[in-house]
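Q: Next comes the sequence, and after it the predicted model I'd like to discuss.
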Amino acid sequence: MPILNPMLTPREAARLLGISYPTIKQWILSGKLKTVQTPGGHHRLSESALKPFLAKDKAKPESKSRERYRRISGRNQLAGKVISIRVEGLLAEVVLAVGDTHVTAIITASAVQELQLKKGDTAAALIKSTDVMIERLDGQS
């Protein structure tokens, strides 16, 4: 007999909603999302409990929706406006304005052409890195 309402782990539910695992844990602990607990104390969520969140997201304009996060594996995405594109040979420098910050990406010139990317477009920088460096900015050694 098939399971009619499968239960999801918080990680599975986070992926389905297009949000981070820490965010879904906060929602669970604050009571925003109702769960059932296993005998071992682990939280499980029904797909029906996620439907209101998916419906609310679907009502948003595409640029604000989390739907695009559900289509790719990367979760570290910064949405912004393209403020400049400089193509030189095989490479292109694309600068996005994300809030008060500029994010620069070096991509192939052919990727710019395939995306039909131009100044003023809305785009997202997808960040997938194993290294993050920190520089102290307050002048102390």
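A: Good, I have the coordinates. Residues are numbered from 1 along each chain as shown.

Q: So which residues of this protein form strands?
A: 7-8, 36-37, 43-46, 77-88, 91-98, 101-108, 122-126 (DSSP state E).

Q: so which of the ones you listed is the most packed in?
A: By mean neighbour count, with neighbours taken as mean count of other Cβ atoms under 10 Å, strand 43-46 ranks first of the strands of the chain at a mean of 18. C-beta here means a position set from N, CA and C on the backbone, and glycine is covered the same way.

Q: Can you check which of the strands of the chain gets nearest to R136?
A: strand 101-108 (18.6 Å; Cβ to Cβ).

Q: Lowest average confidence across helices and strands of the chain, where is it?
A: Ranked by mean pLDDT, DSSP states H and E, the weakest helix or strand in the chain is helix 67-71, scoring a mean of 58.

Q: list the contacts for the spatially closest residue to P10 that is not a sequence neighbour?
A: Distances taken as Cβ to Cβ, 6 or more residues apart in numbering place I24 nearest to P10, at 5.0 Å, with adjacent residues excluded. Residues in contact with I24 (Cβ atoms under 8 Å, 6 or more residues apart in numbering) are P10, R11, A13, A14, L17, L33.

Q: Please report how far I24 lies from G31.
A: Distance of I24 to G31, given as Cβ to Cβ, to the nearest Å: 13 Å.

Q: where does this protein have low pLDDT?
A: Low-confidence segments of the chain (pLDDT under 70): 1-5, 63-75, 130-134, 139-141.

Q: H102 contacts I83, correct?
A: Yes: using Cβ atoms under 8 Å, H102 is in contact with I83, at 7.0 Å.

Q: which residues do the two both contact?
A: V95, L96.

Q: Quick check: A92 touching K118?
A: No: if you go by Cβ under 8 Å, A92 and K118 don't touch, sitting 11.6 Å apart.

Q: so what sits against both of those two?
A: The contact lists of A92 and K118 share I85, where a contact means Cβ under 8 Å, 6+ apart.

Q: hmm, back to that, same list, the strands of the chain, but as JSON lines with distance to P52 please.
A: Listed next are those as JSON lines, based on distance: least, Cβ to Cβ, whole Å:
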{"stretch": "strand 7-8", "distance to P52": "15"}
{"stretch": "strand 36-37", "distance to P52": "17"}
{"stretch": "strand 43-46", "distance to P52": "12"}
{"stretch": "strand 77-88", "distance to P52": "23"}
{"stretch": "strand 91-98", "distance to P52": "29"}
{"stretch": "strand 101-108", "distance to P52": "33"}
{"stretch": "strand 122-126", "distance to P52": "25"}
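
Q: Good, we can wrap up now.
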